[in-house]
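>>> how would this look folded up:
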Amino acid sequence: MPRKRTEDSFSDSDDARQLEAILRGAFAGPPTPLKDIPTRHGKTRKLERKTPQRRRRQRKNRAA
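Next comes the predicted model:
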């Protein structure tokens, strides 16, 4: 039994054309870092440091 076509259905050529347009747009520019994309609730993903990060002491260079 063939599938019933509705107004919302597209032909195979339309589907392929749409997919090509989506992929072309997705890869057209440089990737966006995740930290620059806000969450669904509008909060930022950027981590803000409350205190400056302390530097670790390096071991002394010794002759073995």
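
>>> Verify the stated contact: Arg45 with Thr32.
No - counting by Cβ atoms under 8 Å, Arg45 does not reach Thr32; the two are 11.5 Å apart. C-beta: built from backbone N, CA, C; applies to glycine.

>>> Compare neighbour counts for those two and give me the winner.
Arg45 (11 against 8; other Cβ atoms under 10 Å).

>>> Find the residue closest to the more buried one in space, skipping its chain neighbours.
Among residues not flanking Arg45 along the chain, Lys35 sits closest, at 4.8 Å (Cβ to Cβ, 6 or more residues apart in numbering).

>>> and that neighbour, how many neighbours does it have?
By other Cβ under 10 Å, 10 other residues sit near Lys35.

>>> do you know how far it is from Gly29?
As judged by Cβ to Cβ, to the nearest Å, Lys35 and Gly29 stand 17 Å apart.

>>> before we move on, the earlier item: which SS state does the residue nearest to Arg45 fall under?
Using DSSP: H, G, I helix; E, B strand; the rest coil, the structure places Lys35 in helix.

>>> Check Leu19 too.
Under three-state DSSP, Leu19 falls in the helix class.

>>> And it, how close does it get to Phe27?
Distance of Leu19 to Phe27, given as Cβ to Cβ: 13 Å.

>>> Then Asp12?
Asp12 is 23 Å from Phe27, by Cβ to Cβ.

>>> same thing with Gln58?
43 Å.

>>> So those two - more neighbours on which side?
Taking Gln58 and Phe27 together and counting by other Cβ under 10 Å, Phe27 has the greater number of neighbours (9 against 6).
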